[in-house]
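Engineer: Fold the following for me, if possible:
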Amino acid sequence: MAPPDTPIRELRLKDAKQALEEDKYDCTACRLTGSAAFVGLGVYSYYTGMRNLRKQEQVIMNSTTKYKMGSRKLGIATISASLVGVGVYRLFN
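Structural biologist: Just a heads-up that it's a prediction; the model follows:
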């Protein structure tokens with residue numbers, strides 16, 4: 001028990017620091033689940049994004065926008081690769 005003159009804020013700060021130190025590492029199941037979720041989301045976003053681009057290719061090519069198929073594919077690939085990267089990072093860190 002803390003001395004009676006110890007401020008409550010200081011006690012809460014010590015408790016929070018202790019809780020963070022004790023909960024430093026995740027369990028294996030948590031890492032696998034989180035990693036699988038991010039990798040799955042990355043694969044899903046790539047698959048559905050490219051599928052939708054193929055469906056809309058004629059509309060995109062006939063539009064007046066400067067963002068044609070190449071830049072859109074690059075955007076989808078970048079987002080998907082980032083999500084997969086976060087999943088791999090989550091698995092090992």
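
Engineer: burial count for residue 46?
Structural biologist: The tally of other residues near residue 46 (other Cβ atoms under 10 Å) stands at 18. C-beta here means a position set from N, CA and C on the backbone, and glycine is covered the same way.

Engineer: check which helix or strand covers it.
Structural biologist: Assigned by DSSP states H and E, residue 46 falls within helix 28-55.

Engineer: which parts of that helix are buried?
Structural biologist: Going by neighbour count (16 or more other Cβ atoms under 10 Å), the buried part of helix 28-55 is 34-35, 38-39, 41-42, 45-46, 49.

Engineer: likewise stretch 61-69?
Structural biologist: By neighbour count with 16+ other Cβ under 10 Å, stretch 61-69 contains no buried residues.

Engineer: before we move on, the earlier item: nearest to residue 86 among the buried residues of helix 28-55?
Structural biologist: residue 38 (4.8 Å; Cβ to Cβ).

Engineer: picking up where we left off before, so which elements touch the helix or strand that the helix holding residue 46 is followed by?
Structural biologist: The helix or strand immediately downstream of helix 28-55 is helix 57-62, counting by DSSP H and E. Contact analysis of helix 57-62 by 3 or more Cβ pairs under 8 Å, 6 or more residues apart in numbering; DSSP states H and E lists helix 69-92 as its packing neighbours.

Engineer: Show residues contacting the helix it packs on.
Structural biologist: For helix 69-92, contacts defined as Cβ atoms under 8 Å, 6 or more residues apart in numbering pick out 31-32, 34-43, 45-46, 49-50, 53, 57, 60-61.

Engineer: now it, how far from the chain's geometric center?
Structural biologist: Centre-to-centre, helix 69-92 and its host chain are 10 Å apart (Cα atoms, centre = their mean, to the nearest Å).
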